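In: heads up, no residue letters with this:
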């Protein structure tokens, strides 16, 4: 524990700079030479320096704005919108401002972004489908900035709080529904294969087959971005095969939109000729033609819970749990039916 | 101009409080008794007090975080998402953090929100489909917090910068397209009648009729929220009439989704039995069944331009124009065709 007692003065002496310089680096100020900043960072990391207390001033006497940083790898879709709404409501009720950032598709924040966040000293940071490397992790912990990872795409260390949903279960119930309707050749157009939630959903798909005693065909599983064009492209190919699947499990509602277009172009009616299950239960899905059967992922609740966890951590409290998966449910609408050949 | 030279000291003397107290009120600090705060606010308003300079510290030496407040009356839809993306990209490039708030459907911010914004002292505030009352306007101008109104729902004073789009033109081109296809009975399911953009779109609808020499039937125009259930409800009624319209112009893409469901339930095919035009051109519309003909409202560009305007104002510059309407365009897809009876 003595490591954690390293003071700013000791760091300053070791690096050969002034105490205010170390303090500026900790606060993300830009008026420090880059070479100096890197040397100070190195010393902070080597000593595993942490600010004396993680508890922040709160309430009426706080002179610093109460902010929470919410960062997405990509935010321009309805999926992100649902999470934002959940975070916004919980943060708003606690009078905490939500600062929104988007990493333009990257899963790792830039140093520039890290510096800006350090400079505004938020109560904490909420990372969605993105994660920090070890140096970045330390940069936040040394500044007593707690963070929570939402719907993790990798496997963060055990001490990183996360909020997700049960992806394996989602894949399982989507597939079981199709098997129960009598489908035996079920295609999958999943998200990226290097994202853990995609893997978990496909594992659920396989387990549902195992449980039903029906062999799953690995040749029917496709991977790609969680977007409509991927669903369209893969479905055109899958549905043009002579032994085409009679049902498709799409990795997201957006992917399902692409699958549906491919089916239309091939003259296949949903659900008469093709059953289709989406994933996420975005609010728009009940208004689609036909209304989409999909796996409900409680995105608003996930956002809300993650924000609450972060505020609790920032105020020095201990959340009841820091690794939470919310449950997924199947919402049956009109895009699934018994296969025509049964 | 002498009014603007009122000092904090004069305000303090007049109210009978200390200079730091006036300063606290200006900075939105909570540690001032409510009665005192109100008296200070009243004096600031009476003297039309303004901070000496609107130009803010920027660049490397700024010790205050660079933030921009973005506030929606309601943010949980794709329409808001497009604006957020535009604002986020421009602000991100300028390394300005975007603080997102939602007013839960109200078009006027609460005093609590005003105080929180004053406390975090953003570079400026961007209001979407919401506006300030006179006291709130003064509260921002007295603190040198510039603001821009996006897609104004009312008629803000001439000195308030606004960014919108040409709604009249949008209504005009949507209707002209339908008239050119041969439709003569065109229904409208518009947004709320007390929102100016709704009014302008319906005026465009009427002018397109006038220009074509075809009488428009006021009995075919309906008003309601910009949401799918409103489209559904109104379309069920309009399409059940013996003299039903052969085309419907929907006030938003969400409204169009509701109209399409009503048509399906009544056994009407789109576009064979009913032509449908939406409004906004949300990214999802090209994936709908059938892909939707709609009016493109350049929401990302609007968000981006408004953010740029705000940053320019915050840095003491003068935007080339502070009242901008971007142009709307028609995007023709598969939901419109010649009427069956022609």
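Out: Nice, I can see it. If you're wondering where the values come from, they're calculated on a predicted model, not measured in any experiment.
In: C-alpha only now, for contacts and for neighbours.
Out: Noted.
In: So in chain A, where's the weakest helix or strand by average pLDDT?
Out: helix A:34-46 (a mean of 81; mean pLDDT, DSSP states H and E).
In: strands paired with the next helix or strand after that one, and their directions?
Out: Downstream of helix A:34-46, the next assigned helix or strand under DSSP states H and E is strand A:67-72. Strand A:67-72 pairs in its sheet with strand A:97-102 (parallel), strand A:124-128 (parallel), by DSSP bridges.
In: Relative to residue B:295, tell me which of those strands wins on proximity.
Out: Among these, the nearest to residue B:295 by Cα to Cα is strand A:97-102 (27.5 Å).
In: which residues touch the next helix or strand after that closest one?
Out: From strand A:97-102 onward toward the C-terminus, using DSSP H and E, the following helix or strand is helix A:111-120. Residues from elsewhere that reach helix A:111-120 (Cα atoms under 8 Å, 6 or more residues apart in numbering or on different chains): A:26-29, A:69, A:136, A:140, A:143, B:63-66, B:95.
In: For chain A, which residues are neighbours of chain B?
Out: Within chain A, the residues that sit near chain B (Cα under 8 Å from any Cα of the partner chain) are A:29-31, A:60-61, A:63-66, A:75-78, A:81-82, A:85, A:88, A:92, A:95, A:97-102, A:116, A:119-120, A:228, A:257-258, A:261, A:287-289.
In: Could you give me the ChimeraX selection string for whichever of these are buried?
Out: Burial among these is assessed by 16 or more other Cα atoms under 10 Å in any protein chain shown; the matching ChimeraX selection reads:
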select /A:29,30,63,64,65,66,75,76,77,78,81,82,85,88,92,95,97,98,99,100,101,102,116,119,120,228,257,258,261,287,288,289
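In: nearest spatial neighbour of the closest residue to chain B within chain A, skipping sequence neighbours?
Out: Nearest residue of chain A to chain B, counting by Cα to the nearest Cα: residue A:99, 4.1 Å away. Computed as Cα to Cα, 6 or more residues apart in numbering or on different chains, the closest residue to residue A:99 that is not its neighbour in sequence is residue B:99, at 4.1 Å.
In: okay but the one you found is in contact with residue B:69, surely?
Out: Yes: counting by Cα atoms under 8 Å, residue B:69 is a contact partner of residue B:99 at 4.7 Å.
In: Can you give me every residue that contacts the residue of chain A closest to chain B?
Out: Counting by Cα under 8 Å, 6+ apart, residue A:99 has contacts A:67-70, B:97-100.
In: and if you look at residue A:243?
Out: Taking Cα under 8 Å, 6+ apart as the test, residue A:243 contacts no residue whatsoever.
In: please redo it, this time with the cut-off set to 10 Å
Out: residue A:185 (Cα atoms under 10 Å, 6 or more residues apart in numbering or on different chains).
In: For the helix or strand harbouring residue A:236, buried residues please.
Out: Element membership of residue A:236 [criterion: DSSP H and E] is helix A:228-240. For helix A:228-240, a neighbour-count test (16+ other Cα under 10 Å) marks A:228-236, A:238-239 as buried.
In: the inter-axis angle of the helix or strand harbouring residue A:89 versus strand A:97-102?
Out: Using DSSP H and E, residue A:89 falls within helix A:78-93. Helix A:78-93 and strand A:97-102 are oriented at 160 degrees to each other (axes from the mean of the first three to the mean of the last three Cα atoms, to 10 degrees).
In: Low-confidence regions, chain A specifically.
Out: Under the criterion pLDDT under 70, the flagged ranges of chain A are A:1-5, A:51-64, A:75-76, A:152-154, A:341-342.
In: Would you map out the domains in it?
Out: A:1-49, A:167-298 (automatic domain parsing).
In: how far does the last one sit from the chain's center?
Out: The one in question is domain A:167-298. Taking Cα atoms, centre = their mean, to the nearest Å, one finds domain A:167-298 lying 20 Å from the centre of the chain it belongs to.
In: Show the residue spans covered by the helices in the stretch 201-342 of chain A.
Out: Here the stretch 201-342 of chain A has its helices, by DSSP state H, counting those that start in this stretch, at A:228-240, A:253-265, A:299-314.
In: any chance of those in JSON lines, with distance to residue A:46 too?
Out: Output for the helices of the stretch 201-342 of chain A, formatted as JSON lines (distance: least, Cα to Cα, whole Å):
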{"stretch": "helix A:228-240", "distance to residue A:46": "45"}
{"stretch": "helix A:253-265", "distance to residue A:46": "45"}
{"stretch": "helix A:299-314", "distance to residue A:46": "24"}
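In: Quick check: which of these is nearest to residue B:266?
Out: helix A:253-265 (21.4 Å).
In: And the closest one, what's buried?
Out: By neighbour count on 16+ other Cα under 10 Å, the buried set for helix A:253-265 is A:253-263.
In: what do you get for stretch A:167-186?
Out: Judged by neighbour count (16+ other Cα under 10 Å), stretch A:167-186 contains these buried residues: A:167-179, A:182-186.
In: ok so, going back, who does the least confident helix or strand of chain A touch, helix- and strand-wise?
Out: With contacts defined as 3 or more Cα pairs under 10 Å, 6 or more residues apart in numbering or on different chains; DSSP states H and E, helix A:34-46 has these neighbours: helix A:8-15, helix A:19-26, helix A:134-142.
In: coming back round to it: got the angle between the helix holding residue A:89 and helix B:111-120?
Out: Using the same axes, to 10 degrees: helix A:78-93 against helix B:111-120 is 90 degrees.
In: which strands and helices sit next to helix A:78-93?
Out: Here helix A:78-93 touches strand A:67-72, strand A:97-102, strand A:124-128, helix A:253-265, strand A:275-280, helix A:299-314, helix B:78-93, strand B:97-102, going by 3+ Cα pairs under 10 Å, 6+ apart.
In: okay if I get the ones you listed as CSV plus distance to residue A:47?
Out: Output for those, formatted as CSV (distance: least, Cα to Cα, whole Å):
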stretch, distance to residue A:47
strand A:67-72, 26
strand A:97-102, 30
strand A:124-128, 22
helix A:253-265, 46
strand A:275-280, 43
helix A:299-314, 23
helix B:78-93, 33
strand B:97-102, 31
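In: residues contacting residue A:234?
Out: With Cα under 10 Å, 6+ apart, residue A:234 has these contacts: A:187-190, A:220-224, A:255, A:258-259, A:262.
In: residues contacting residue A:265?
Out: Contacts of residue A:265 (Cα under 10 Å, 6+ apart): A:232, A:236.
In: Having no further points to raise, I will conclude here.
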